[in-house]
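1. here is my input, please return the structure:
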Amino acid sequence: MAAGTLWFAYENATHRPVVAKDYVLEVNKGDSFADISAKLIDAGIVVKPFWFKVIAYREKVQNKLKAGEYELPTGSTMPQIIALLA
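-> Prediction:
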């Protein structure tokens, strides 16, 4: 049962849109996953920090997130946000 719950949470985290309206995210040099997650959450973007990090590790980009200004379009998912940042 726990495995099913975990799988459901993972699928939800990877496929559910989290950006309700277009948003410009500014990532500063040295920002950590926690910093980026906090900026997204403060902007009302519903990311789950644990899954945000898991997805980055799965995509092997955990050390490749770049500083800059990123336009997050409405309907973006967590994997799409991570792809933009890498």
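2. so where do the strands sit in this protein?
-> Assigned strands in the chain, in chain order: 23-27, 68-72 (criterion: DSSP state E).
3. doesn't Asn63 make contact with Lys53?
-> No: Lys53 sits out of contact with Asn63 when judged by Cβ atoms under 8 Å, with a separation of 11.9 Å. Yep, even glycine has a C-beta here, placed from its N, CA and C like the rest.
4. how close does Ala34 sit to Phe52?
-> Ala34 sits 10 Å away from Phe52, taking Cβ to Cβ, to the nearest Å as the criterion.
5. which of the two has more residues huddled nearby?
-> Neighbour count, other Cβ atoms under 10 Å: between Ala34 and Phe52, Phe52 has more, with 21 against 11.
6. re the thing from before, of Lys53 and Asn63, who's got more company?
-> Taking other Cβ under 10 Å, Lys53 and Asn63 do not tie; Lys53 has more neighbours (19 against 8).
7. just send the strands of the chain back as a markdown table, with mean pLDDT and distance to Gly4 too.
-> Output for the strands of the chain, formatted as a markdown table (pLDDT from 0 to 100; distance: least, Cβ to Cβ, whole Å):
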| stretch | mean pLDDT | distance to Gly4 |
| --- | --- | --- |
| strand 23-27 | 97 | 33 |
| strand 68-72 | 97 | 31 |
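8. dump those strands to JSON lines, plus mean neighbour count and distance to Pro79.
-> As requested, the strands of the chain are arranged in JSON lines below (neighbours: other Cβ atoms under 10 Å; distance: least, Cβ to Cβ, whole Å):
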{"stretch": "strand 23-27", "mean neighbour count": "15", "distance to Pro79": "15"}
{"stretch": "strand 68-72", "mean neighbour count": "13", "distance to Pro79": "12"}
